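In: predicted model and sequence follow; I will ask about them next.
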Amino acid sequence: MLSCKDMTDLATEYTEGALPRWRSLSYRMHLAMCGHCRRYVAQLRRTAEALRQLAPHPSGLDPDTRESVMAAFRSSSAVLLLGLGVASLSGCPLGGASNDDDDEMGGDVETVSSENVGDESLEGHTPRGFQGQGTGLFTGDNINPNFPDGDGVQIFTTLEMPAEIDADTAVHSAILRLPDYSTNGSPFADLGDLNAQEIVFDAFSSALWDAEVVADGADCVLGSEDGDLLACDVTTAVRNSIEVGRDSVQFRIRFDDAGDSDGSADLLVLNPSDSNEVIPGLVELDVVISAE
Ligand SMILES: [Ca+2]
């Protein structure tokens, strides 16, 4: 994983879209887990936009001066940002956090993990529009010609809380990941973003389609296009579970639109070997913690 220093070094290339695809995915992965780096990159974007807007204004810089500022910005963005008085990366909790960072967070920082339980009573898919449910973890539309056109299915999953976490654990960030998937048709292009929403249920059933998202719970975008590394920030879900003493976190995973009524399948499938089997490891959870 990229360290926070790596994130600083690569920030300008990232915001300019100049990173190789694999590196850009790693960058987004770190951003999903690290609020400090998200704020840093947001500040970088705002600063770049402000510089871009200097030239068109009569009172702005002349073209030569503006270009020299931009060149300095590209070559040393961190230094320029600090010179403009914006925040640094102090407190970044991931991949290379210094001892000082550990002290700020109240103890040794570590990343702990868990995965979906692989239990058909707690995981599966269910369609909109009629009563029914199935055991595979997939979402999209037109999975079966007998389904009403335009309807689709969504995923319900349960993950154990990592064993290292108890009521006294400080949770700094948590990321939900779908480590492997395949697509059929064009689900992202036709159905929109893939979302993870925190819900709570005792047993998987078709009645969960419109389950209430937990108030102030996690509701985040896992990905927006085919090939994305599917991951998003679910810190609030883990904190919510700890607060009420639950030993799991649960999510509904679905696209923005249930179906596009085009009559053809647009699917995302989590188990590449058997789309109708639920096994542990199809969904993963990484939590950055420190003991208080
Ligand atoms: Ca379709």
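Out: Received, thanks. Numbering: from 1, shown residues only.
In: from A265, how far out is A167?
Out: 45 Å (CB to CB, to the nearest Å). C-betas here are computed from N, CA, C, even on glycine.
In: now L25. Nearest residue, chain neighbours left out?
Out: L229 (4.2 Å; CB to CB, 6 or more residues apart in numbering).
In: which stretches of the stretch 1-150 of the chain have low pLDDT?
Out: Within the stretch 1-150 of the chain, the ranges that satisfy pLDDT under 70 run 50-107, 129-131.
In: compute the distance between M161 and R128, please.
Out: Applying CB to CB, the value for M161 to R128 is 30 Å.
In: next, the nearest residue to N184 once chain neighbours are set aside: secondary structure please.
Out: Using CB to CB, 6+ apart and skipping residues adjacent in sequence, the residue nearest N184 is L267, 4.3 Å away. Following DSSP: H, G, I helix; E, B strand; the rest coil, we place L267 in the strand state.
In: for L267, which residues are in contact?
Out: 138-141, 143, 183-185, 187 (CB atoms under 8 Å, 6 or more residues apart in numbering).
In: now do 10 Å
Out: 138-143, 152-153, 181-187, 191, 275 (CB atoms under 10 Å, 6 or more residues apart in numbering).
In: out of the residues you listed, which end up buried?
Out: For the contacts of L267, a burial check counting by 16 or more other CB atoms under 10 Å picks out 138-143, 152-153, 181, 183-187, 191, 275.
In: would you map out the domains in the protein?
Out: 4-104, 111-291 (automatic domain parsing).
In: can you pull out the helices in the stretch 51-200 of the chain?
Out: Secondary structure of the stretch 51-200 of the chain (DSSP state H, counting those that start in this stretch): helices at 63-75, 77-83, 99-104, 187-191.
In: between A167 and A265, which has more neighbouring residues?
Out: A265 (18 against 8; other CB atoms under 10 Å).
In: my guess is the more buried one contacts P145. True?
Out: Yes. Contact status for A265 versus P145: in contact at 9.5 Å, counting by CB atoms under 10 Å.
In: picking that back up, the contacts of L267: which ones sit near the ion?
Out: Filtering the contacts of L267 for proximity to the ion (criterion: CB under 5 Å from the ion) leaves 141-142.
In: contacts only, for E225.
Out: 186-189, 193-194.
In: hmm, I typed the wrong one, I wanted D193.
Out: Contacts of D193 (CB under 10 Å, 6+ apart): 220-225, 228, 232, 254-257.
In: S248 reaches V200, doesn't it?
Out: Yes. Using CB under 10 Å, S248 is in contact with V200, at 9.1 Å.
In: shared neighbours, the two?
Out: Common neighbours of S248 and V200 (CB under 10 Å, 6+ apart) are 158, 241.
In: tell me which parts of the stretch 151-292 of the chain are close to the ion?
Out: 260, 262, 266.
In: of all those residues, the one with the weakest confidence?
Out: Among those, D262 has the lowest pLDDT, at 87.
In: and for that one, nearest residue in space, chain neighbours not counted?
Out: That would be D190: by CB to CB, 6+ apart, it lies 6.8 Å from D262.
In: could you do S24 as well?
Out: Leaving out its chain neighbours, the residue that sits closest to S24 by CB to CB, 6+ apart is Y14, at 6.6 Å.
In: which residues touch stretch 21-31?
Out: Contacts of stretch 21-31 with the rest of the structure, by CB under 10 Å, 6+ apart, involve 1-4, 6-7, 10-11, 13-15, 17-20, 37-38, 40-42, 92, 94-95, 175, 177, 223, 227-229, 231-233, 286.
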